[in-house]
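Asker: with the sequence up front, the predicted model follows.
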Amino acid sequence: MSLVTALPPTASPLAAHATPAVVFRRADSAPHGWQVLTVREGDTLSDIAIAHRTTVGVLLTRNRISGEGNFLALGTHLSVPRTGPASRSGAAGRSVRTATHVVRPGDTLSGIAARYGVSLTRLYSLNNLSRTAYIQPGQRVAVPSQAARTLAKAAAADFTTMRVTVRSGDTLGAIALRHGVAQASLMKANGLSVRSLLQIGQELRVVTRKAYSSNTFAGRTYPDTIVSAASANRAHLARRGVPNRTQTRAMIVSTAQRHGVDPQLALAISFRESGWSQRQVSVANAIGAMQVIPSSGVWASDLVGRRLDLLATQDNVTAGVVILRSLTRSARTQEEAIAGYYQGLQSVQNHGMYSDTKTYVKSILQLKGRM
């Protein structure tokens, strides 16, 4: 399947990188210029440096931060290098057409980016988010104009229109009640007001939303028992204290190293699955930072020789890492192992990668190169 305190320097996840993502040259620290970033919950200089392809030293110097910058106050404005060329002259002054995606339980920024066909970098920039930002159900995320057109088509497909004939004694309220729509919606669809008079035989348009099943996600529908279990686990984790994303990231690195798994691969999969958030639970009851379903948790428990509690962050990370270790040992290629984490290795080997699996593998490989 698929919170303000920084870590002390000795536990910084940057120490896990064999080589720096970017070699800093003093004369070219910001080849594309500088931009302003607002510090959000969970941000550290290490993560900000990685996201903006620079070093902690550059950020310390540029922003005149004393010490090592281990603690960043929320709302602080930092000057950071742009990761690409600035918009052409005049472009910055034009408003960007956007649509709004309302975050649902189980959503991640990487998943939203994949759904709308945009890069994570573009999504971060459009919403002024840092790489370690997290999202919550109900939050609104802006997507660019191309996605706006996609959303418009999807929204149209979610509704159906029927025509009804006004009968003797009908009122707008009675018609709305009979067809399960709001009176305001009925008036809007027909260009009417509360003062409008209806005539017998008059035709009205009634626009209704098609039935939506909360059991459906990514084109698959799950039994009520699974969805109910997912809801219970989501509620439990919402009440439970969990490590922040920086701490979870460090936990993934150390666990992967302990079990002989490429830390960058484990980080990429967890980031794609949950954004390094233990509180994420999908409708399919994939739980936590590594998005492990209970049956896979039983398998992982057998692999380590003890019962793993998927609701506990360290056990969840351990489960995902040992499953990944098993997949990389059994698969013929790294791509096949990644596909196996998403689709199931036996399914991949018997039927090949599905189209959404190919997209998943591509996104993991791209993320892995930036970890």
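Answerer: Everything's here; your move.
Asker: what's the domain layout of the chain?
Answerer: 9-81, 99-154, 159-209, 222-368 (automatic domain parsing).
Asker: show me what the helix or strand containing Val253 is packed against.
Answerer: Using DSSP states H and E, Val253 maps to helix 245-258. Judged by 3 or more CB pairs under 8 Å, 6 or more residues apart in numbering; DSSP states H and E, the packing partners of helix 245-258 are helix 45-51, helix 263-274, helix 313-330. The way it works is simple: take the backbone N, C-alpha and C, and place the C-beta from them, glycine included.
Asker: just those helices: most buried one?
Answerer: Ranked by average neighbour count under the criterion mean count of other CB atoms under 10 Å, those are headed by helix 263-274 at a mean of 25.
Asker: any residues touching it, and which ones?
Answerer: Applying CB atoms under 8 Å, 6 or more residues apart in numbering, the external contacts of helix 263-274 come out as 1-2, 16, 108, 110-111, 248-249, 252-253, 255-257, 276, 280, 286, 288-291, 317, 320-321, 324, 328, 334, 338, 341, 360, 363-365, 367-368, 371.
Asker: list only buried entries from these.
Answerer: Buried subset of these (neighbour count, 16 or more other CB atoms under 10 Å): 1-2, 16, 108, 110-111, 248-249, 252-253, 255-256, 276, 280, 286, 288-291, 317, 320-321, 324, 328, 334, 338, 341, 360, 363-364, 367-368, 371.
Asker: need the pLDDT of the spatially most central residue of the chain.
Answerer: Closest to where the C-alpha atoms of the chain average out (CA atoms, centre = their mean) is Thr108, at 1.2 Å. pLDDT, Thr108: 75.
Asker: OK, contacts around it?
Answerer: Applying CB under 8 Å, 6+ apart to Thr108 gives the contacts Ile135, Arg272, Glu273, Ser274, Gly275, Ser277, Gln280.
Asker: need these in a markdown table with pLDDT and distance to Val103, can you?
Answerer: Listed next are those as a markdown table, based on pLDDT from 0 to 100; distance: CB to CB, whole Å:
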| residue | pLDDT | distance to Val103 |
| --- | --- | --- |
| Ile135 | 79 | 5 |
| Arg272 | 88 | 16 |
| Glu273 | 88 | 15 |
| Ser274 | 86 | 13 |
| Gly275 | 85 | 11 |
| Ser277 | 88 | 12 |
| Gln280 | 88 | 11 |
